[in-house]
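K.L.:
Quick one: sequence and predicted model below, then my questions.
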Amino acid sequence: MSGNRMDGTFHGPFVQAGEIHGDVHFHAVGPERKPPVPPPADWADLPELPSPIRSLLRAQVQAAQDLPYRLPGARRPSLATVYVRQDLGTGTEEPAEQTRPEPILDSRGQLIDSPNPPVARLAVRPPSRTVRAALDGDDHLLVTGGPGQGKSTLSLRLAADVAARWASFGPDPLAEPVVPLRLTARELATRLSVPFPEAVAQCVHVEYGALLAEQVEPAVVRERVAGCR
């Protein structure tokens with residue numbers, strides 16, 4: 001090997017030889033995965049988030065200020081200016097008043113026993129809980145309700161409140177520090193044939209594209225962000 005000289009910068013595997021007999025195999029090694037980042041202990045110990053995630057949080061705060069439904073016209077009204085009347089039920093349903101059955105006579109004038117009316121049973125609703133108590137107590141939460149009962153508004157406000165907590169001090173929205181991301185099932189359902197991180201990134205662009213300062217790539221949402229769910 002006397003007189004062997006190498007100049008310049010080398011990246012990756014390389015070999016230098018005057019004469020080779022046989023085959024030379026190069027095995028490329030993928031980039032080493034970074035060890036998982038531990039989650040923050042509480043909201044007082046929040047880490048620094050990547051710039052695309054900070055842009056996404058600001059976009060969700062801004063999106064919660066507009067009405068989530070598409071209405072005729074060039075502009076969407078502010079959610080704070082829309083009034084929707086809603087009625088709340090009590091803990092128990094009041095039973096309907098039982099009516100006495102009228103007597104029934106046959107052709108001979110004999111009284112016929114009428115069938116017993118159905119027994120009305122009280123419908124007792126489970127005790128109510130706050131949204132925070134429900135989220136703190138379970139990993140998954142399914143909210144059901146008819147049109148106009150506030151499902152979209154609830155998810156918008158929840159994502160905005162958690163996102164705003166990352167940028168300022170205030171009451172903790174949840175016990176565990178999390179990174180919120182509100183997406184509609186309508187958009188996700190149209191992307192079942194693509195990898196999930198890519199589907200999430202595409203939905204983010206559709207939902208918040210005009211409000212984002214930076215593009216959110218699939219790699220950003222592939223794993224936990226700063227150790228947070």
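P.N.:
Thanks, I have it.

K.L.:
quick one: pLDDT of Ala28?
P.N.:
In this model, Ala28 is scored at 66, pLDDT.

K.L.:
what's Val206 in contact with, if anything?
P.N.:
If you count contacts by Cβ atoms under 8 Å, 6 or more residues apart in numbering, Val206 has them with Glu187. Where you see a C-beta, it was placed from the backbone N, CA and C, and this is true even at glycine.

K.L.:
what about it, distance to Thr153?
P.N.:
Relative to Thr153, Val206 is positioned 20 Å away (Cβ to Cβ, to the nearest Å).

K.L.:
Next: Ser51.
P.N.:
Applying Cβ to Cβ to Ser51 and Thr153 gives a distance of 29 Å.

K.L.:
which residues of the chain fall in strands?
P.N.:
Along the chain, counting by DSSP state E, strands occupy 104-105, 111-112.

K.L.:
neighbouring strands for the first one, and are they parallel or not?
P.N.:
Strand pairing for strand 104-105, using DSSP bridges, gives strand 111-112 (antiparallel).

K.L.:
ok, back up a step: most tightly packed of the strands of the chain?
P.N.:
Between the strands of the chain, strand 104-105 has the highest mean count of neighbours, a mean of 10, where neighbours are mean count of other Cβ atoms under 10 Å.

K.L.:
Any idea how far that one is from the middle of the chain?
P.N.:
With Cα atoms, centre = their mean, to the nearest Å as the basis, strand 104-105 stands 62 Å off its chain's centre.

K.L.:
tell me the mean pLDDT for that strand?
P.N.:
pLDDT averaged over strand 104-105 gives 74.

K.L.:
repeat for stretch 163-176
P.N.:
90.

K.L.:
before we move on, what about stretch 45-65?
P.N.:
Rounded mean pLDDT across stretch 45-65 is 93.

K.L.:
Alpha carbons of it, as CSV, please.
P.N.:
Output of stretch 45-65 as CSV, limited to C-alpha atoms (Å, rounded to 0.1, in the frame of the first residue of the first chain):
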residue,chain,number,x,y,z
ASP,A,45,-42.2,22.0,31.6
LEU,A,46,-43.2,22.4,27.9
PRO,A,47,-40.4,21.8,25.4
GLU,A,48,-39.7,23.8,22.2
LEU,A,49,-41.9,22.6,19.4
PRO,A,50,-40.8,22.4,15.7
SER,A,51,-41.6,25.4,13.6
PRO,A,52,-44.2,23.6,11.4
ILE,A,53,-46.1,22.4,14.6
ARG,A,54,-46.1,25.9,16.0
SER,A,55,-47.6,27.2,12.8
LEU,A,56,-50.2,24.4,13.0
LEU,A,57,-51.2,25.4,16.5
ARG,A,58,-51.7,29.0,15.6
ALA,A,59,-53.8,28.0,12.6
GLN,A,60,-56.1,25.9,14.8
VAL,A,61,-56.6,28.8,17.2
GLN,A,62,-57.5,31.0,14.3
ALA,A,63,-59.8,28.4,12.7
ALA,A,64,-61.9,28.2,15.9
GLN,A,65,-62.9,31.8,15.5
